[in-house]
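[1] I'd like to go over a predicted model; first the sequence, then the structure.
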Amino acid sequence: MPVHPLTIQNMTVAYEKKPVLRDISFQVPEGKLIGIVGPNGAGKSTLIKAALELIPKLSGDAAIYGKPYAEQRKLVGYVPQRESVDWDFPTNALDVVAMGRYGHLGWFKRPGGVEKKLAMACLAKVGMSEFAGRQISQLSGGQQQRIFLARALAQDAKLYFMDEPFVGVDAATEKAIITLLNELKMQGKTVLVVHHDLATVQEYFDWLMLLNVELIAFGPTEQTFTADKLQQAYGGKLTMLDRDGQSALITSGR
């Protein structure tokens, strides 16, 4: 029986006794690029943080390849929301990327020449080689996001969590990011991405999770990204525009 990259069972997370996620259960198949979408406050980022044991769960379990995250850190890469990072921390781009090797080195061994060489290769992968010595506070939002993607690459993980990697980036960076995510998928990696732009869901993801405190739907995008399921997730009236500004999907509230 296969061991799934991520298994969530009956997970509930609450802030000040108010459920943010309620009784969530699912299994993530391997080698998929998966979008996580839902309205503001749906629990998308909370889901990732709970799976990574960054916040406590009220009930339920999360397993990475059948074991708790604490035992599987080397298998996991994480790109947090950009606004949650202290960009004034005095370090340069190369050192940030090299930090991705700590899980392999152990926390008390500093990255050496081999790790720095790998970090440079990861910077090249995201088009940031020339910024290796630049302080992270001096980078643009899109450049900062590329640095964190390079750090995730340096981790050489099997399962990646990315929390809104496309927010605040330019079109060129967005294209670079989705190209990179598809490369990871082609290598057999599994990637979960919190996403907000419904117009690009069908183009970007082969699997989709619709979330609004409860799990609305989870499966192949062509089966999940439907008017009825979007109505359940977002409620009311939802008008989705494609990239050309044309109305692609309209659901009416009941």
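    It's in.

[2] could you check the distance from K44 over to V169?
    In this view, K44 and V169 are 18 Å apart by Cβ to Cβ, to the nearest Å. Backbone N, C-alpha and C define where each C-beta goes, glycine included.

[3] show me where pLDDT drops low in the stretch 101-250 of the chain?
    The stretch 101-250 of the chain contains residues with pLDDT under 70 at 102-113, 236-250.

[4] for it, which segments count as helices?
    102-105, 113-125, 141-155, 171-186, 201-204, 221-224, 227-234 (DSSP state H, counting those that start in this stretch).

[5] which of those sits most buried?
    helix 141-155 (a mean of 24; mean count of other Cβ atoms under 10 Å).

[6] would TSV of the helices of the stretch 101-250 of the chain with distance to R22 be doable?
    Shown next, in TSV, are the helices of the stretch 101-250 of the chain (distance: least, Cβ to Cβ, whole Å):
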stretch	distance to R22
helix 102-105	32
helix 113-125	38
helix 141-155	29
helix 171-186	29
helix 201-204	23
helix 221-224	19
helix 227-234	14
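
[7] out of those helices, which gets nearest to G60?
    helix 227-234 (20.7 Å; Cβ to Cβ).

[8] restricting to C-alpha, output stretch 142-160 in PDB.
    Provided in PDB are the C-alpha atoms of stretch 142-160 (Å, rounded to 0.1, in the frame of the first residue of the first chain):
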ATOM      1  CA  GLY A 142       9.800  39.500  -7.000                       C
ATOM      2  CA  GLN A 143      13.500  39.000  -6.400                       C
ATOM      3  CA  GLN A 144      12.900  38.100  -2.700                       C
ATOM      4  CA  GLN A 145      10.400  35.500  -3.800                       C
ATOM      5  CA  ARG A 146      12.900  34.000  -6.200                       C
ATOM      6  CA  ILE A 147      15.500  33.800  -3.400                       C
ATOM      7  CA  PHE A 148      13.000  31.800  -1.300                       C
ATOM      8  CA  LEU A 149      12.300  29.500  -4.200                       C
ATOM      9  CA  ALA A 150      16.000  28.900  -4.600                       C
ATOM     10  CA  ARG A 151      16.300  28.100  -0.900                       C
ATOM     11  CA  ALA A 152      13.500  25.500  -1.300                       C
ATOM     12  CA  LEU A 153      15.300  24.000  -4.300                       C
ATOM     13  CA  ALA A 154      18.500  23.800  -2.200                       C
ATOM     14  CA  GLN A 155      16.500  21.700   0.300                       C
ATOM     15  CA  ASP A 156      16.100  19.000  -2.400                       C
ATOM     16  CA  ALA A 157      12.800  18.000  -0.900                       C
ATOM     17  CA  LYS A 158      10.200  15.500  -2.000                       C
ATOM     18  CA  LEU A 159       7.200  17.500  -0.800                       C
ATOM     19  CA  TYR A 160       6.900  21.300  -1.200                       C
END
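
[9] now it: how far from the chain's centre is it?
    10 Å (Cα atoms, centre = their mean, to the nearest Å).

[10] how much space between the residue nearest to the spatial centre of the chain and A172?
    Closest to where the C-alpha atoms of the chain average out (Cα atoms, centre = their mean) is M162, at 1.6 Å. Distance from M162 to A172, counting by Cβ to Cβ: 18 Å.

[11] next one: P220
    29 Å.

[12] try F148
    Taking Cβ to Cβ, one finds F148 at 17 Å from A172.

[13] equivalent analysis for G133, please.
    Counting by Cβ to Cβ, the separation of G133 from A172 is 22 Å.

[14] picking that back up, of all the helices of the stretch 101-250 of the chain, which one is nearest P90?
    Per Cβ to Cβ, nearest to P90 of the helices of the stretch 101-250 of the chain: helix 141-155, 14.8 Å.
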